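Chemist: I'll drop the sequence and a predicted model, then ask my questions.
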Amino acid sequence: MPYVNIRIAGILNREQKARIAEEITDTLERIAHKPKSYTYIAFDELPDENWAIAGKLLDEE
C-alpha cells in the first residue's frame, strides 16, 4: 500500500490537491502496478515561517 506524504510551503487550493493526487496515483498505478484503491496521499501545508532555505525563513523574502 503506497503512502505518499506531500509537505509544501504555503497553501494549495482544492483543485490543485485533486490534480496532484490524481497524477501521483496514476503514476504509481502505471509504473509500480499499485491499484488506485491502495494509494493514500496526505498533504501537509506549512506556513512559510516554518520553512528555511539557505538560513532564511521563507516569510522573510
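Modeler: Ah, there it is.

Chemist: what about the most centrally placed residue in the chain, distance to I20?
Modeler: Note on the chain: the residue nearest the mean C-alpha position is I6, at 2.7 Å, using Cα atoms, centre = their mean. Separation of I6 from I20 (Cβ to Cβ, to the nearest Å): 7 Å. No exception for glycine: its C-beta is placed from N, CA and C like everyone else's.

Chemist: list residues touching both of those two?
Modeler: Common neighbours of I6 and I20 (criterion: Cβ atoms under 8 Å, 6 or more residues apart in numbering): I41, F43.

Chemist: wait, a helix at E22?
Modeler: Yes: counting by DSSP: H, G, I helix; E, B strand; the rest coil, E22 falls inside a helix.

Chemist: now it: how far from N5?
Modeler: In terms of Cβ to Cβ, E22 sits 17 Å off from N5.

Chemist: more crowded one of these two?
Modeler: Neighbours of E22 and N5, each counted by other Cβ atoms under 10 Å, are more numerous for E22; the result is 12 against 9.

Chemist: ok, now how distant is the more buried one from L28?
Modeler: For E22, the distance to L28 - Cβ to Cβ - is 11 Å.
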